[in-house]
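Colleague: below: sequence and its predicted model.
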Amino acid sequence: MKFSTIYLIYPENRALERAIANSIGMLSTEVAAAAVPDTKVAVADNFRFTRGNYEQHRFSSKIFESLREVLEASLTETYRVQKPLAWAETQNRLGNILAALGQQRRDAELFERAIHCFSNALEEFSQENSPMEWAATQYNLGTANQTLGRLLDATKPMKIAVDAYTNALLFWTRDKSPEDWMFTMHQLGDTFHAYGKLLKGNRTFQKSVVAYKNALAVLDADNYALELTATHNNRAAVLHHLGESEENADRLKEAINSYEKSLTVSMEQQLPIHLAVICRVNKATAQNVLAELTNDTGLADEVADEFEVIIECFSHALQPLCLRHCGEQMDKARSLALATSASR
């Protein structure tokens, strides 16, 4: 079936940030100076936190290629023999840089190379002797495969991602590592959602809902405003698609409620305005589906008015494709309201 277009929110990739921070010292002073993002011109970034799994804002992406070169050059066989764990950690850093480049360029080969780096690291990091590093590498392996699966619409990388995240959770428990556990649960939710769309399987969607619910158990608005907003929004998205798949109005109502929570957190915590608008667009899209499923003329009218308000008042905060989506949804709601009224 054809699912509604929805917009996911992605937390910043802290593993990528650490990989950059721990590798900058390998660059020349001149090249390293380019690592600082240009913030002189304050222009709203309406794609912020929506680009995908390899987004970070602490460093400029201009240095990715330079980092790739120095990291690859350092990975000699002598280095591996003399310092196997340091060599494995360098593989981890390189894998994150390659994956970030892969996302920028939509290049499957770069993701494959990143996955190879993480697999290399796992030859040295073991669950028994290096459990912390092993878990972090499993997480990295999961994220690279999840993103590759999204890029290619392929199920095999998604399954590998699920297995890798599950491995990471063997060490990162809720009691001992709540933050790592939360991020892994969030990524499992994202993976099961994308995997379920490819499989057209409601059971996989349900696993996604459970994973997001687990992540929500350790999130709070004061310390994790973005992560909480993203998890409510992304959980709503899978409930939204599950409701469409099942033709289940109750699922759609649950999705709408979750979108509302994401919108509330985003507004109360003063996150970038476009995130609140995204939550609002997603919520109205779910309401459109519900109106069509239940033949609710009144709701269809409300949805059309909501999209009109979004277009008129927040077009500056919308991505171009999202703005077009709003126009299409508004027209759909108007048509539904007219057609339903005419049939009565």
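Modeller: Looks like it came in fine. Numbering: from 1, shown residues only.

Colleague: thought residue 75 was touching residue 86, still the case?
Modeller: No. Contact between residue 86 and residue 75 fails when scored by CB atoms under 8 Å: they sit 10.4 Å apart. In short, each C-beta sits where N, CA and C put it, glycine included.

Colleague: so what's the nearest residue to residue 48 once chain neighbours are set aside up against?
Modeller: Leaving aside its sequence neighbours, residue 48 sits nearest to residue 272 (CB to CB, 6 or more residues apart in numbering; 5.8 Å). The contact partners of residue 272, by CB atoms under 8 Å, 6 or more residues apart in numbering, come to 44-45, 48-49.

Colleague: buried ones among those?
Modeller: Neighbour counting with 16 or more other CB atoms under 10 Å marks 48-49 as buried within the contacts of residue 272.

Colleague: how far off centre is stretch 195-205?
Modeller: Distance of stretch 195-205 from its chain centroid, counting by CA atoms, centre = their mean, to the nearest Å, is 17 Å.

Colleague: can you give me the end-to-end span of that stretch?
Modeller: Terminal residues of stretch 195-205 are spaced 8 Å apart (CA to CA, to the nearest Å).

Colleague: what average pLDDT does that stretch get?
Modeller: Taken as a whole, stretch 195-205 has a mean pLDDT of 94.

Colleague: of all the residues in that stretch, which ones are buried?
Modeller: Taking 16+ other CB under 10 Å as the neighbour-count basis, stretch 195-205 is seen to contain the buried residues 195-197, 204-205.

Colleague: one step back: which one of the contacts of residue 272 sits closest to residue 331?
Modeller: Residue 331 lies nearest to residue 44 out of those, by CB to CB, at 26.9 Å.

Colleague: hmm, back to that, filter the buried residues of stretch 195-205 down to just the ones in helices.
Modeller: Residues of those located in helices (DSSP state H): 195-197, 204-205.

Colleague: nearest to residue 8, of those residues?
Modeller: Residue 8 has its nearest neighbour among those in residue 197, at 11.8 Å by CB to CB.

Colleague: from memory that closest one sits against residue 3, does it?
Modeller: Yes. Applying CB under 8 Å as the test, residue 197 and residue 3 come out as touching, 6.3 Å apart.

Colleague: shared neighbours of these two, anything?
Modeller: With CB under 8 Å, 6+ apart, residue 197 and residue 3 have common neighbours residue 241.

Colleague: which residues are in contact with residue 338?
Modeller: Here residue 338 is in contact with no residues (criterion: CB under 8 Å, 6+ apart).

Colleague: sorry, wrong one. I was asking about residue 130.
Modeller: 85, 124.

Colleague: in contact with residue 317: list those residues for me.
Modeller: Here residue 317 is in contact with 44, 46, 273-274, 277 (CB under 8 Å, 6+ apart).

Colleague: grab the nearest non-local neighbour of it.
Modeller: residue 274 (4.2 Å).

Colleague: counting neighbours, what do you get for the one you found?
Modeller: Around residue 274 there are 24 other residues, counting by other CB atoms under 10 Å.

Colleague: how far out from the middle of the chain is the host helix or strand of it?
Modeller: In this structure, residue 274 sits in helix 273-294 according to DSSP states H and E. Taking CA atoms, centre = their mean, one finds helix 273-294 lying 19 Å from the centre of the chain it belongs to.

Colleague: so residue 51: helix, strand or coil?
Modeller: Following DSSP: H, G, I helix; E, B strand; the rest coil, the label given to residue 51 is coil.

Colleague: just checking, it touches residue 8?
Modeller: No. Using CB under 8 Å as the test, residue 51 is too far from residue 8 to be in contact (10.3 Å).

Colleague: who's more crowded, these two?
Modeller: With neighbours defined as other CB under 10 Å, residue 51 and residue 8 compare such that residue 8 has more, 18 against 12.

Colleague: residue contacts, the more buried one?
Modeller: Residues in contact with residue 8, defined by CB under 8 Å, 6+ apart, are 50, 190, 230, 233-234, 237.

Colleague: same thing with residue 242?
Modeller: Contacts here follow CB under 8 Å, 6+ apart; on that basis residue 242 touches 202, 205-206, 209, 248, 251, 255.

Colleague: distance check, it against residue 124.
Modeller: Counting by CB to CB, to the nearest Å, the gap from residue 242 to residue 124 is 41 Å.
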